[in-house]
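Engineer: Everything below, folded, please.
(one chain, ligands or ions: 2)
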Amino acid sequence: MSSATRVLGIEGTAWAASAAVYDSGRDGVDSVFIETDAYEPDSGGIHPREAAEHMHDAIPRVVERALEHARETFDGPIDEPPVDAVAFSRGPGLGPCLRIVATAARALSQALDVSLVGVNHMVAHLEIGRHTSGFDSPVCLNASGANAHLLAYRNGRYRVLGETMDTGVGNAIDKFTRHVGWSHPGGPKVEAAAEDGGYVDLPYVVKGMDFSFSGIMSAAKQRYDNGVPVEDVCYSLQENVFAMLTEVSERALSLTGSDELVLGGGVGRNARLRDMLAVMCDQRGASFHAPDARFLGDNAGMIAVLGAKMYGAGDTLALADSRVDPNFRPDQVPVSWRDGEPELAVTDSEEERIRGAEAVVDLEPGANRVTKRRRPKRYRHPELDERLRRERTTLEARLTSLARREGVPTPVLGDVDPLEARLEFEYVGECDLRDALTPASIGDVGRHLARIHLAGFVHGDPTTRNVRVGRYHAPSNDRTDDARAQNRERTYLIDFGLGYHADHVEDYAMDLHVFDQSLVGTADEPDPLREAVREGYREVGDERVLERLEDVEGRGRYVGGNS
Ligand SMILES: C[C@@H](O)[C@H](NC(=O)OP(=O)(O)OC[C@H]1O[C@@H](n2cnc3c(N)ncnc32)[C@H](O)[C@@H]1O)C(=O)O
Ligand SMILES: [Fe+2]
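Structural biologist: Ligands and ions are numbered 1, 2, ... in the order given. A predicted model of the protein is given here:
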């Protein structure tokens, strides 16, 4: 008889004082007991000091309750501890709250004489979904209060494929509800009010794999102040914010080639968000999983479950190393418990029909033609859907031509039909850059991006799939230098559908950053390639953009490479 693993978990990063007992079961049927005491501010948002006072009072109570449960359900020898380990949330979260949780966890592990496991709260939000789904290697959307990001497992880490450029998604929604005078947490109230609402136009901001909520939130407050019914604002807020998250999730599936998506985090309790993700996955033939509501918002169950996996891998902490980390990022965690498990590979390339996240693309190399159609996305509100498809089609046509005028190889435009969201292009290149990652082509990309930035616009989605590489076949009447240098390899930028006019260094740096992250996500040894794109950029472009790029990466949100 193999013995079960039993772990007591403690959570208290922000609002939930929670303790849980995970039992892996002897017969393959596991169980999770969770006891939670929520902090509910009288007014305003979460006050860090009040939250810490709540943890101080409530953590001992919930831990006691979990321990009682562990003792009641323990059928081992009377002189043995009722669990194998104590796991706790080490971060990210509010420092004073984290320290109370850590102190309780250390004391308990010592009293019981069992191992101590330090869990990253964000990774716990995603592992619980992987655990309850049974999926092998899903992409995970984390939609929680203080965060919003997409993660995928690669080279022993969870990589951040995309994330919010400002606040977390829950906090953004909660800020709006504070503005209209509703108590915390606002998310469930927005969901309830949205049921009686209709659609009004609001901003929609997706930049490559990243997204931003600040513009849409100010606009929502303004609409409300101007007398738009709050139900309509709530409805439209949900439609736009969740469509942004769904769009980026789809892009992550497309980029990684995964056909599994799991959802985590407190905002995952929202039925409209789950519905959009399910519809998107259904439309592209992927599987979607959201864990039960009790595992979505902050809870110690997810801490205990991941704690058990880490304990199984021998990933425990010495007391001296058990400091908390309020800024603990998910990509800082060495994933000890998935050794030898499948990771997200890069998909194979040339099919005749490519289903990107954005559009269906029909390739006819023989006819030298590519037709791109932005099909309606069923998950999006029809009005929003139509607006995005039309805008992106027109912009893509315009920016593709503009880039050519700046000397950047792009496909020649054939036909444009904004109403049908259809574009026809010349077929260019022989393969995607992702299948021919050479420093020379990547240097080209650096120079190309620098040129369009100097011309005052960004590509918006410069990934290794949006660059084509191949020999240039000049038509016989083309007498340019390029035509004479026929044997030279050419690097084309395609898919300007997310491009926009911009004159801020920050936008240019973000453009480069998107490409940089795509290299990190695609190449096994990204570092020389990352250097090549910077060198190319430096030759043509503005040095300040490269300085800002370092800045962007130095903000700590983005950790690339294999370290
Ligand atoms: C660092 C950690 O402390 C933080 N946790 C956190 O913020 O709690 P979490 O339970 O994951 O998410 C809470 C958020 O989830 C939102 N929320 C809960 N139910 C919701 C609903 N039905 N619709 C929309 N939002 C909802 C709340 O408004 C709140 O903003 C995090 O994971 O970012
Ligand atoms: Fe959370």
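Engineer: Any residue of the longest helix along the chain touching ligand 1?
Structural biologist: When the chain is parsed with DSSP state H, its longest helix is helix 230-256. No: using C-beta under 6 Å from any ligand atom, we find that helix 230-256 stays clear of ligand 1, coming within 8.0 Å at best. To be clear about C-beta, it is placed using only N, CA and C from the backbone, and glycine gets the same treatment.
Engineer: just checking, next helix/strand downstream of that helix?
Structural biologist: Using DSSP states H and E, the next helix or strand after helix 230-256 towards the C-terminus is strand 260-264.
Engineer: just checking, what packs against the helix or strand that that following strand is followed by?
Structural biologist: Downstream of strand 260-264, the first helix or strand assigned by DSSP H and E is helix 271-284. Here helix 271-284 touches helix 187-194, helix 230-256, strand 260-264, strand 287-289, going by 3 or more C-beta pairs under 8 Å, 6 or more residues apart in numbering; DSSP states H and E.
Engineer: Tell me which of these approaches Arg538 most closely.
Structural biologist: For the helices and strands packed on helix 271-284, the distance to Arg538 is smallest for helix 230-256, at 26.8 Å, taking C-beta to C-beta.
Engineer: Ligand 1 contacts on the stretch 151-300 of the chain?
Structural biologist: Proximity of the stretch 151-300 of the chain to ligand 1 is confined to 168, 170-171, 173-174, 185-188, 191, 265-267, 269-270, 297-298 under the rule C-beta under 6 Å from any ligand atom.
Engineer: could you pull out the helices for the stretch 401-550 of the chain?
Structural biologist: Taking DSSP state H, counting those that start in this stretch, the helices of the stretch 401-550 of the chain run over residues 439-454, 481-484, 505-522, 526-540, 543-554.
Engineer: want to throw those into CSV with mean pLDDT and distance to Ala70?
Structural biologist: CSV is the format used below for the helices of the stretch 401-550 of the chain (pLDDT from 0 to 100; distance: least, C-beta to C-beta, whole Å):
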stretch, mean pLDDT, distance to Ala70
helix 439-454, 97, 54
helix 481-484, 53, 72
helix 505-522, 91, 41
helix 526-540, 96, 45
helix 543-554, 92, 44
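Engineer: ok, which stretches of the stretch 1-150 of the chain are helices?
Structural biologist: Going by DSSP H, counting those that start in this stretch, the stretch 1-150 of the chain shows helices at 48-72, 95-112, 121-133.
Engineer: Relative to the whole chain's centre, how far out is the last one?
Structural biologist: The chain centre lies 14 Å from the centre of helix 121-133; the measure is C-alpha atoms, centre = their mean, to the nearest Å.
Engineer: Output the helices of the stretch 401-550 of the chain in CSV; the columns should cover distance to Glu383 and mean neighbour count.
Structural biologist: Below are the helices of the stretch 401-550 of the chain laid out as CSV (distance: least, C-beta to C-beta, whole Å; neighbours: other C-beta atoms under 10 Å):
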stretch, distance to Glu383, mean neighbour count
helix 439-454, 31, 22
helix 481-484, 44, 12
helix 505-522, 27, 22
helix 526-540, 38, 18
helix 543-554, 34, 15
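Engineer: what about stretch 418-436, average pLDDT?
Structural biologist: The average pLDDT within stretch 418-436 is 93.
Engineer: For this protein, which residues are neighbours of ligand 2?
Structural biologist: Ser144, Asp298 (C-beta under 5 Å from the ion).
Engineer: how about the residues of the chain near ligand 1?
Structural biologist: Close to ligand 1, as judged by C-beta under 6 Å from any ligand atom, the chain has residues 13-14, 92-93, 121, 125, 144-147, 168, 170-171, 173-174, 185-188, 191, 265-267, 269-270, 297-298.
Engineer: Drop anything exposed from those residues.
Structural biologist: Neighbour counting by 16 or more other C-beta atoms under 10 Å classes 13-14, 92-93, 121, 125, 144-147, 168, 170-171, 173-174, 185-187, 191, 265-267, 269-270, 297-298 among these as buried.
Engineer: what's around Ser43, how many residues?
Structural biologist: A count of neighbours around Ser43, defined by other C-beta atoms under 10 Å, yields 9.
Engineer: May I have the phi/psi pair for it?
Structural biologist: The phi/psi pair for Ser43 (degrees, to the nearest 10) reads phi -150, psi 160.
Engineer: So that it lines up with my notes, have the first residue be 817 from now on.
Structural biologist: Okay, using 817 as the starting number, the last item reads as Ser859.
Engineer: Let me know how buried Glu1305 is, in neighbour terms.
Structural biologist: 15.
Engineer: pretty sure it contacts Ile1258?
Structural biologist: No: in this structure Glu1305 lies outside contact range of Ile1258 using C-beta atoms under 8 Å: 11.8 Å.
Engineer: any idea how far Ser1070 is from the residue lying closest to Arg1191 once chain neighbours are set aside?
Structural biologist: Spatial nearest neighbour of Arg1191, excluding adjacent residues (C-beta to C-beta, 6 or more residues apart in numbering): Val1176 at 5.8 Å. Val1176 is 12 Å from Ser1070, where distance means C-beta to C-beta, to the nearest Å.
Engineer: Could you export stretch 1069-1087 as CSV, CA atoms only?
Structural biologist: Provided in CSV are the C-alpha atoms of stretch 1069-1087 (Å, rounded to 0.1, in the frame of the first residue of the first chain):
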residue,chain,number,x,y,z
LEU,A,1069,-2.1,29.3,-27.7
SER,A,1070,-1.3,30.2,-31.2
LEU,A,1071,2.3,31.1,-30.4
THR,A,1072,3.1,28.0,-28.3
GLY,A,1073,1.0,25.6,-30.4
SER,A,1074,-0.7,24.4,-27.2
ASP,A,1075,-4.4,23.4,-27.4
GLU,A,1076,-5.0,23.5,-23.7
LEU,A,1077,-5.9,26.6,-21.6
VAL,A,1078,-6.5,26.8,-17.9
LEU,A,1079,-7.8,29.7,-15.9
GLY,A,1080,-6.7,30.8,-12.4
GLY,A,1081,-7.2,33.8,-10.0
GLY,A,1082,-10.1,35.5,-8.4
VAL,A,1083,-11.5,37.2,-11.5
GLY,A,1084,-11.9,33.7,-12.9
ARG,A,1085,-15.0,33.5,-10.8
ASN,A,1086,-16.6,35.7,-13.3
ALA,A,1087,-19.0,33.7,-15.5
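Engineer: And that stretch, how far out from the chain middle?
Structural biologist: 9 Å.
Engineer: residue ranges of the helices in the stretch 1067-1216 of the chain, please?
Structural biologist: For the stretch 1067-1216 of the chain, the helices defined by DSSP H, counting those that start in this stretch occupy 1087-1100, 1109-1112, 1116-1128, 1198-1221.
Engineer: Kindly report the domain assignment for the protein.
Structural biologist: 822-948+1112-1149, 955-1109, 1169-1370 (automatic domain parsing).
Engineer: how about the nearest residue to Val985, chain neighbours excluded?
Structural biologist: Of all residues not flanking Val985 in the chain, Ala964 sits nearest, at 4.1 Å (C-beta to C-beta, 6+ apart).
Engineer: Same question for Ile1119.
Structural biologist: Counting by C-beta to C-beta, 6+ apart, Ile1119 lies nearest to Gly825, which is 3.6 Å off, once chain neighbours are set aside.
Engineer: And Met938, by the same measure?
Structural biologist: Spatially, and ignoring its direct neighbours in sequence, Met938 is nearest to Pro1146 (4.2 Å; C-beta to C-beta, 6+ apart).
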